[in-house]
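[1] I would like to see how this sequence folds:
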Amino acid sequence: VWLCWHCRMGKRGLQRISKCAKQESSGCLPDGRCGIMPENPSDWGKSEMMNNEVPVLWDEECLNSSIYKDMCNGISAAAAKKQMTTKVYTDCAKLMEDASSDRTVIVIGYESPRLRDNLLRLTGKKKQVILAGLDAERFGSGISSTSPSRRGATAMLIQYLVACKKERIALVACSESSVNDLMRCEILKGYLYTRGCPNPDDAIFFYRERVNESFEAFWEKRENFDAVICPNDYVALCFIRYCEEHGLRVPEDLYVAAFSNRTLSRYCKPSITSMSINFVDVGECSYYAWEFLENHKMEDHQIHITTPSSLIVRESTAYEMHEMDTENAILLDAAHQGGPFYSEPVIANVMYVENCLTQCDALNLKIIQGILNGESYDSIEGRLFLSRSALNYRLKKIFTYAQTQNRKELESLFRHYFTKENNL
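    Next comes the predicted model:
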């Protein structure tokens, strides 16, 4: 069995043909596959992964997780629509042996030292990596990802609780080693900041070894809160049991909500209000990212796709329903957009300088240089061969770009908010 060189290099991908390529130099085979012989005879018979296979590295430690099974099913379903199949590996070394050096690989797994090691091995071999189900930022800039919009989902859940008039919200059982938990902490603290909470960190309860550590810490401050968000349904179930054992009623005394909408969240009592994440959709998008990277060989580029979530309201929030803008959950009102940074006077003036320099062409920059050097307009005209009307036209534009009215204000702006020595 020989490998068709033309198909290997063409858009249709690598194909195995039933006849020797040297005997089929006249063109395509009857079934439509190419039969052109290789240009380089040393490539005849080269053994490589079939190009109609999508390589997936699935961490064996989470093979039994329904979340990761859903993702893999999504990858397979999307691949099947394009007449592709998935080839799943649980051993990174085996994948490295089978896959050609320039292949893109989808990686499934949870945050762990093993995952980090596998990513380092793959990227070290210049492979394009798509991390399914996790945000890639924590693992380096050279990795693509497809993941639920955890930021959007957290914002939506907080928005829902606020609509329920539960504004004293705590986040319980977070891990400082989880990038997802830390992102949710950031969103909640941003909300609390807008509400004038002096110490937003007091609403976050971490654990190191046992989730009960965070439950116990929350219990000491339970009077300060009327709602709790848990990172996932498993933690929410444990927290509800802890509340039952200590006489705290859910939802009568405390609303509880979580993420992931696992099966147990429907059948426990009270059933758990949860953000539903479609992990099959995450898997499908992982395939589409793979297809894009395969078809656009850009080694230094990555692609990041986020998928939407939906809110499933259940007993743990008393089935309380509210109309919300689920597509645009925004926690900050207009007064807080951008925070103090953009309204800070020094920063605002530096941005005027930036705006001016960005919009000026080379000639305008030379005019600014002359002004900062103390040149008269007559001197600038002679040096740059400009008429007075042409200079006035350009000065008017420069003043507008810098949000100034005249030469004096422009000089003051640059003297106070730009470096004394510059490269104009």
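[2] Next, the distance between the ends of stretch 236-253.
    Start and end residues of stretch 236-253 are separated by 15 Å (CA to CA, to the nearest Å).
[3] How many residues are close by Arg195?
    12 (other CB atoms under 10 Å). Every C-beta, even on glycine, is put in place using the N, C-alpha and C of the backbone.
[4] The one 10 residues further on too?
    As a burial measure, Phe205 scores 22 neighbours (other CB under 10 Å).
[5] Show the contacting residues for the spatially closest residue to it that is not a sequence neighbour.
    Closest residue to Phe205 apart from its sequence neighbours, by CB to CB, 6 or more residues apart in numbering: Ser214 at 4.1 Å. With contacts defined as CB atoms under 8 Å, 6 or more residues apart in numbering, the neighbours of Ser214 are Val172, Ala173, Cys174, Phe205, Phe206, Tyr207.
[6] Please apply the same query to Leu357.
    By CB under 8 Å, 6+ apart, the neighbours of Leu357 are Leu365.
[7] do you know how far it is from Ile367?
    12 Å (CB to CB, to the nearest Å).
[8] Where does the residue in the chain sticking out farthest from the centre fall, secondary structure wise?
    For the chain, the largest distance from the centre (CA atoms, centre = their mean) belongs to Asp378, which lies 54.6 Å off. In this assignment (DSSP states H and E), Asp378 forms part of helix 377-384.
[9] residue contacts, the residue lying closest to Ser274 once chain neighbours are set aside?
    Among residues not flanking Ser274 along the chain, Asn261 sits closest, at 4.3 Å (CB to CB, 6+ apart). Contact analysis of Asn261 by CB under 8 Å, 6+ apart lists Asp233, Ser274, Met275, Ser276, Ile277, Ile312.
[10] I believe Asn261 is in a strand; please confirm or correct that.
    No: counting by DSSP: H, G, I helix; E, B strand; the rest coil, Asn261 falls outside a strand, being coil.
[11] which residues sit in contact with Ile106?
    Counting by CB under 8 Å, 6+ apart, Ile106 has contacts Val54, Pro55, Val56, Leu57, Ile75, Ile130, Ala132, Ser286, Tyr287, Trp290.
[12] how near is the last one to Thr306?
    If I follow you right, that is Trp290. Taking CB to CB, one finds Trp290 at 16 Å from Thr306.
[13] same deal with the fourth one?
    If you measure Leu57 against Thr306 using CB to CB, the figure is 22 Å.
[14] ok, those two, which is more surrounded?
    Neighbours were counted for Leu57 and for Thr306 using other CB under 10 Å; Leu57 has more, 26 against 17.
[15] Name the nearest residue to Lys269, ignoring sequence neighbours.
    Per CB to CB, 6+ apart, closest to Lys269 is Glu315, 7.3 Å.
[16] Quick check, pLDDT for the one you found.
    You'll see Glu315 listed with a pLDDT of 96.
[17] what's the burial count for it?
    Neighbour tally, Glu315, other CB under 10 Å: 15.
[18] start at 10 instead
    With 10 as the first residue, the last one maps to Glu324.
[19] Contact partners for it?
    Pro260, Lys278, Pro279, Ser280, Ile281, Thr282.
[20] swap in Met307?
    By CB under 8 Å, 6+ apart, Met307 has no neighbours at all.
[21] So what does it have for phi and psi?
    Reported as degrees, to the nearest 10, the phi and psi values for Met307 are phi -120, psi 90.
[22] re earlier: ok, the contacts of Asn270 vs Tyr98, which is closest?
    Tyr98 has its nearest neighbour among those in Ile286, at 24.9 Å by CB to CB.
[23] That closest one and Asn221, how far apart?
    Distance from Ile286 to Asn221, by CB to CB: 26 Å.
[24] Give me the more crowded residue out of these two.
    Legend: neighbour count by other CB under 10 Å for Ile286 and Asn221, higher for Ile286 (25 against 14).
[25] what's near enough to touch the spatially closest residue to that one that is not a sequence neighbour?
    Spatial nearest neighbour of Ile286, excluding adjacent residues (CB to CB, 6+ apart): Pro157 at 4.4 Å. Taking CB under 8 Å, 6+ apart, we find Pro157 in contact with Gly142, Ile286, Asn287, Phe288, Val291, Thr315, Thr316, Pro317, Ser318.
[26] Fine by me, we can end here.
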